[in-house]
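Trainee: 3D model of this:
(one chain, ligands or ions: 1)
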Amino acid sequence: MPIKQRTSLLVLGLILMFSAALTGCAGDNEATPQPGQPQTEQGDGARADGEGLYIATSFSVLADIVQNIIGDRGQVEYVVPIGEEPHEYEPVPGDFRIISDADVFYVNGLDLEEWLEKIVSNVSETEIVPVSAGVTPIPLVGSEEETDPHAWLNPRHVITYVENITEDLIARDPQGEALYRQNAEQYIAQLEELDAWIEEQISQIPEKHRVIVLSENAFKYFGERYGFETEGIWEINSHEEGTPQQIARVVELISARQIPAVFVETTVDQRYMNRVAEEAGVRIAGEIYTDAVGPEGSGAETYIEMMKHNVNVFVEGLTP
Ligand SMILES: [Zn+2]
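Mentor: I've put the predicted structure just below:
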């Protein structure tokens, strides 16, 4: 968690402790959540009664990962709708309620959720846990301070996410330990299988074509794992998008490197890449899921499915 957030939480905590002391109320911040007994009594909250842990996550990819571990023993929600990007999201009142009602709010961290400050100042008691803890960050190109948040695009990092989430769930609901560990083990086996499958698939792509060009340069962690160079019209969605200089740079790069195809994201305005493809005379080989899983019926409704879809599109686009 960035220091700024931790400070806000600390300040908030101190205010809460102070007000609890003033009113003589013990406060229930420290209470251990009891599965089956929702902590909040708000009748209009999104959580269902008697469902065990109620987990809020920042975006859909995390929700799917948590769902695989928690199974039927809890309820999982996500805040950023599918099809929207999670960098500069504007939380709506319903989001604050979901997060307030939750036993914990899982976020990616690595500075993905730039809107967390708004949540921290509006939601008092829910603990915010970054699930990417332990992943070695990759910096943004041209920046010494900013990190790239898209660690989930490397399935081996998702294994770290799973380990972090599993330990956190067990700490909140010790009676669920056996189930959480068993589910995590099975899911990690699937992630390892996915990792091996990706290696096998990309071996079809000639080495000189192993360059992924997207609107947002989001595949660095994937590139690091599987030996791809990655490029974007822009570096990250929260920066300026699609300036003439950015477009000219990528068009030139595609021509110079003779890159056979480029890709668009499901969560990004596609007009800029359309222009790049037209000017560079290359085709757009397909849509890629980066910052959200696919909608119902897309065949990419889960993290594993979205990664398989992405790899199939890369192979199709970059193999002659
Ligand atoms: Zn992104």
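
Trainee: do I have it right that Asp168 meets Phe105?
Mentor: No - using C-beta atoms under 8 Å, Asp168 is not in contact with Phe105; the gap is 11.1 Å. (Glycine included, C-beta is placed from N, CA and C.)

Trainee: looking at those two, which one has more neighbours?
Mentor: The neighbour count for Asp168 versus Phe105, taken as other C-beta atoms under 10 Å, is higher for Phe105 (24 against 21).

Trainee: just the strands in the chain please.
Mentor: With DSSP state E as the criterion, the chain has strands at 53-59, 74-80, 104-107, 127-130, 138-139, 147-148, 211-216, 229-234, 261-265, 283-288.

Trainee: and the ones you listed: which comes nearest the ion?
Mentor: Among the strands of the chain, the nearest to the ion by C-beta to the ion is strand 211-216 (5.1 Å).

Trainee: quick one: list the elements packing against that closest one.
Mentor: Judged by 3 or more C-beta pairs under 8 Å, 6 or more residues apart in numbering; DSSP states H and E, strand 211-216 is in contact with strand 229-234, helix 244-257, strand 261-265, helix 271-280.

Trainee: hey, which of those is tucked in deepest?
Mentor: Mean neighbour count (mean count of other C-beta atoms under 10 Å) peaks for strand 261-265 among the helices and strands packed on strand 211-216, with a mean of 22.

Trainee: that strand pairs with which strands?
Mentor: Using DSSP bridges, the strands paired with strand 261-265 in its sheet are strand 283-288 (parallel).

Trainee: how about the partner strand, does it reach the ion?
Mentor: No - Strand 283-288 does not reach the ion (C-beta under 5 Å from the ion); its nearest approach is 11.0 Å.

Trainee: in that strand, what counts as buried?
Mentor: If you call a residue buried by 16 or more other C-beta atoms under 10 Å, then strand 283-288 has these buried ones: Ile284, Ala285, Gly286, Glu287, Ile288.

Trainee: quick revisit: and the strands of the chain as a markdown table, adding distance to Thr160?
Mentor: Below are those laid out as a markdown table (distance: least, C-beta to C-beta, whole Å):
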| stretch | distance to Thr160 |
| --- | --- |
| strand 53-59 | 16 |
| strand 74-80 | 19 |
| strand 104-107 | 13 |
| strand 127-130 | 11 |
| strand 138-139 | 14 |
| strand 147-148 | 15 |
| strand 211-216 | 22 |
| strand 229-234 | 21 |
| strand 261-265 | 24 |
| strand 283-288 | 23 |
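
Trainee: pipe these into CSV and attach mean pLDDT per row.
Mentor: CSV is the format used below for the strands of the chain (pLDDT from 0 to 100):
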stretch, mean pLDDT
strand 53-59, 97
strand 74-80, 97
strand 104-107, 97
strand 127-130, 96
strand 138-139, 96
strand 147-148, 96
strand 211-216, 97
strand 229-234, 97
strand 261-265, 97
strand 283-288, 98
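
Trainee: biggest helix in this protein, by residue count?
Mentor: Ranked by residue count, the top helix of the chain under DSSP state H comes out as helix 177-202.

Trainee: rewinding a little: of all the strands of the chain, which lies closest to Glu296?
Mentor: Glu296 lies closest to strand 74-80 among the strands of the chain, at 14.3 Å (C-beta to C-beta).

Trainee: dump the C-alpha coordinates for that closest one into CSV.
Mentor: Extracted C-alpha coordinates of strand 74-80, given in CSV (Å, rounded to 0.1, in the frame of the first residue of the first chain):
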residue,chain,number,x,y,z
GLY,A,74,-18.8,-16.4,0.8
GLN,A,75,-19.9,-13.7,-1.5
VAL,A,76,-17.7,-11.7,-3.9
GLU,A,77,-18.4,-8.4,-5.5
TYR,A,78,-16.4,-6.1,-7.7
VAL,A,79,-16.6,-2.3,-8.0
VAL,A,80,-15.4,-1.3,-11.5
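
Trainee: that strand near the ion anywhere?
Mentor: No - judged by C-beta under 5 Å from the ion, strand 74-80 stays clear of the ion, getting no closer than 10.8 Å.

Trainee: and the contacts of that strand?
Mentor: With contact meaning C-beta atoms under 8 Å, 6 or more residues apart in numbering, strand 74-80 is reached by 35, 46-48, 51-60, 62-63, 66-67, 70, 86, 89, 91, 95, 98-99, 102, 169, 173, 292.

Trainee: give me the buried entries from these.
Mentor: Among those, the ones that count as buried by 16+ other C-beta under 10 Å are 35, 46-47, 52-60, 62-63, 66-67, 70, 86, 89, 91, 95, 98-99, 102, 169, 173, 292.
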